[in-house]
Each structure stands twice: as C-alpha cells, then as structure tokens.
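*Asks:* everything below, folded, please.
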Amino acid sequence: MTNGPFEIVRPSTAEESADERRRRAADAFHGEAAEQSLSRELRQCDHTLAETAAGYVVDADLATAMNMALCVRAPLLVTGEPGTGKTQAAYHLAWLLGIDLLRFQARSTSTANDLRYDFDAVGYLRNAQDPEEDRSPRSAYVQRRELWQAYEAEHRCVLLIDEIDKAPRDFPNDLLRELDEHHFKDPFAAPGQPDDVVPKAGPPIVVATSNAERRLPDAFLRRCIAHHIEIDEPFLTRVVSARLDAFPRLDEDVRRRAVELFFELRNEDLAHVPSTAELLTWLATLSARGADRGALDRPLAELPGIQALIKDHQDRARLRELR
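*Replies:* Numbering: from 1, shown residues only. As a prediction, the model looks like this:
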C-alpha cells in the first residue's frame, strides 16, 4: 500500500516539530499532488443524490414494486438498514421519469401539517399588535411545504417522505386522506375563497423510506407498495460493480476480499453494524491509498481505513480481542 499525498495527516513524531507537521500537511492538502490523489475516488463519495441517481442499481424486485406503485398510484415504501440506498431509489425514479423531486425529511417532532405548510405565528402576531403596520392576511405568513408544492406543480413530481419512521406514530395516519383522496383544506383561505387544495397535474408519486426503527401503522401500510432492501452478496455485487469508477485502483481480487471482510464485520456482535454506504466509502479510501491484497491480510481491527466501518470505540476494542 502506498502512502503518498493521501497521507495528509501523519502521526506526531519526535523527528518533526509541530510547525513542520503543520507546514507539510498544509502543503499536501492544498497542493496539486493531493488534488490528483483524491480527485476521483473520494469525491465520488461526496456526490449529491441527484448527481448519482443515474447510476443507481434497480433489481427485479424493486422494479416490480416501482411499477406497481406507478400503476395503482399507491405510495412506494422502501425499507432497509441505514445506508442501503433507500433515499436514492426515489431520486433514481425521478431521474428515470424526467421529473422533479421534492424531499421532506421526517423528524421526531414532525406533524402532517409540516408536510403541507409552515405558519409564521410569531410574525403574524407581531403584525397584528403593531398599530403602525398594515394588517396582512394570515395567508401572507404561510410558507407552502413539499406536499402543497407538489400539488401546485405544473407537472407530476416525486414526493419523497424520508425516514418516515422517525416521525411520531400519528404522522402517517394523518396523511391517509391525502393518500386516498389527493386533496386537503387550506385553513388560511379568505372567507368566500376556495379552500380545497388539489393537484394541478395529478397526484405526486409518493415514495416513503423507513429504517424500520419502529413499526408503521397498519392503516398506512395497507395503502403502500412495499419493498425491502436486504444487504446480501448479490446486492453488494451489483452496487460495487455499478460504482467501479469510484475506486479505479482496486483490482477485482482486492474488492472481493474487502466485501468478504465487510460481511465478517457484520457477523460480529457490533453495536453499530456497517452498511452499504460505509462499504463504498471504505473501498474509495482503499483505492485512494493504493491498497493491495496484502493490505487486507491482517486482523479486522487493524484493517486500513477501518474507521470508515467501525464507529463505536467498544466495537473496536471487541475486534482487538479477536486476534
């Protein structure tokens, strides 16, 4: 395994002063050699989901689920461990159909209304209490969120509800009307004005992702077409093969051995089990370092770049005990 400009940060030694280490690291970081060394492999891991959508690998089961969801206009629910590409499946579908994607990130405090709109209550009250300000209607303090934006779009789009299992249990149930009837009421409409918000170009294509951290309500599940992404050897073979340009300096034997070691790690009793995204980061790191087959012939805890896979210090200590 080569060191070279990839090794921007090196361990402290008595032979090199702090100022010398800083000067050398800064030169390596900003220099052309480092740029060339890191140019492709590691930056491939930093692409946005939209940029890498075209290279997403769709297997037969996922293709069937996507087709079913499109045919019956049902939400597509994609489940699996974190880092398995669930979110990117939605971006790939949008890329494939040539349409826009709107992404809503679910949180532990999310409500169904957060998907529809934000209301600036503080600004509204401040305006109402200021005698020198003209009274603005409540609708002036509304920010239309992803569902409302999808309904107003000139063309159908993909509406991604990401990590829906992070939201409170009532969140999916409170969306059942929109999923079934594709409309909701505008609570800020002026008296006498239409208050029914309906899609202009047809209902959005809803894709929801879940890490399966909690069970979703049955009423919501009944309305979905579901697909689960399982991390197995065929799946990883497809994913790695589709991203070969991200690690050009790893030959097939090294890649195969790295995947074997990845599964060995997953079979250990770890607090944090590495997933697909972490494997790809590790492979890109190995490529940038010019790792050869011999670099992987060592105990799990001493594998180069193990920090990309093992995130818990107790897991690292457990692996050291396996020697």
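*Asks:* L147 sits in which helix or strand?
*Replies:* Assessed by DSSP states H and E, L147 sits inside helix 146-152.
*Asks:* quick check: what element follows that helix along the chain?
*Replies:* That would be, after helix 146-152 and using DSSP H and E, strand 158-162.
*Asks:* next one: that following strand to chain centre, how far?
*Replies:* Computed by C-alpha atoms, centre = their mean, to the nearest Å, the separation of strand 158-162 from the middle of its chain amounts to 12 Å.
*Asks:* what lies in contact with that strand?
*Replies:* By C-beta atoms under 8 Å, 6 or more residues apart in numbering, the residues outside strand 158-162 that reach it are 87, 90-91, 93-94, 97, 99-106, 115, 146-147, 150, 204-209. All C-beta spots, glycine's among them, are computed from the backbone N, C-alpha and C.
*Asks:* can you check stretch 219-234 too?
*Replies:* The contact list for stretch 219-234 (C-beta under 8 Å, 6+ apart) reads 61-62, 65-66, 68-69, 72, 74-81, 84-86, 89, 172-173, 175-176, 179-180, 208, 235, 259, 263, 266, 275-276.
*Asks:* do the same with stretch 96-111
*Replies:* Under C-beta under 8 Å, 6+ apart, the answer for stretch 96-111 is 50, 90-91, 94, 114-115, 145-147, 149-150, 153, 155-168, 170-171, 174, 204-205.
*Asks:* could you work out the end-to-end span of that stretch for me?
*Replies:* 30 Å (C-alpha to C-alpha, to the nearest Å).
*Asks:* may I see the buried residues of that stretch?
*Replies:* For stretch 96-111, a neighbour-count test (16 or more other C-beta atoms under 10 Å) marks 97, 99-104, 106, 110 as buried.
*Asks:* what's the mean pLDDT across the helix holding L147?
*Replies:* On average, the pLDDT along helix 146-152 is 95.
*Asks:* show me how far it is from its chain's centre.
*Replies:* 22 Å.
*Asks:* residues of it that come out buried?
*Replies:* Those would be 146-151, for helix 146-152 by 16+ other C-beta under 10 Å.
*Asks:* okay if I get the residues you listed as JSON lines plus distance to A295?
*Replies:* Output for the buried residues of helix 146-152, formatted as JSON lines (distance: C-beta to C-beta, whole Å):
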{"residue": "E146", "distance to A295": "45"}
{"residue": "L147", "distance to A295": "49"}
{"residue": "W148", "distance to A295": "53"}
{"residue": "Q149", "distance to A295": "49"}
{"residue": "A150", "distance to A295": "48"}
{"residue": "Y151", "distance to A295": "54"}
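*Asks:* on that earlier part again, which ones among the contacts of strand 158-162 are found in helices?
*Replies:* Of the positions in the contacts of strand 158-162, 87, 90-91, 93-94, 97, 115, 146-147, 150 sit in helices, assigned by DSSP state H.
*Asks:* need the max-distance pair from the residues you listed.
*Replies:* L97 and L115 (21.5 Å; C-beta to C-beta).
*Asks:* R238 - nearest residue in space that isn't next to it in sequence?
*Replies:* What sits nearest to R238 in space, not counting adjacent residues and going by C-beta to C-beta, 6 or more residues apart in numbering, is V57, at 4.5 Å.
*Asks:* in a strand, the one you found, correct?
*Replies:* No. Assignment of V57 by DSSP: H, G, I helix; E, B strand; the rest coil gives coil, placing it outside any strand.
*Asks:* for it, what are its contacts?
*Replies:* Shown in contact with V57 (C-beta under 8 Å, 6+ apart): 238-239, 241-242.
*Asks:* check it and give its pLDDT.
*Replies:* In this model, V57 carries a pLDDT of 86.
*Asks:* mark which of the contacts of stretch 219-234 are buried, thanks.
*Replies:* If you count burial by 16+ other C-beta under 10 Å, the buried members of the contacts of stretch 219-234 come out as 62, 65-66, 69, 74-81, 84-86, 89, 172, 175, 179, 208, 235, 259, 275-276.
*Asks:* quick one: which of the buried residues of helix 146-152 is nearest A246?
*Replies:* The nearest member of these to A246, counting by C-beta to C-beta, is E146 at 30.4 Å.
*Asks:* how far away is that closest one from A106?
*Replies:* 11 Å (C-beta to C-beta, to the nearest Å).
*Asks:* cool, E230 as well?
*Replies:* E230 sits 23 Å away from A106, taking C-beta to C-beta as the criterion.
*Asks:* residues contacting the spatially most central residue of the chain?
*Replies:* The centroid of the chain falls nearest to T87 when counting by C-alpha atoms, centre = their mean (5.0 Å). Counting by C-beta under 8 Å, 6+ apart, T87 makes contact with 49, 160, 162, 209.
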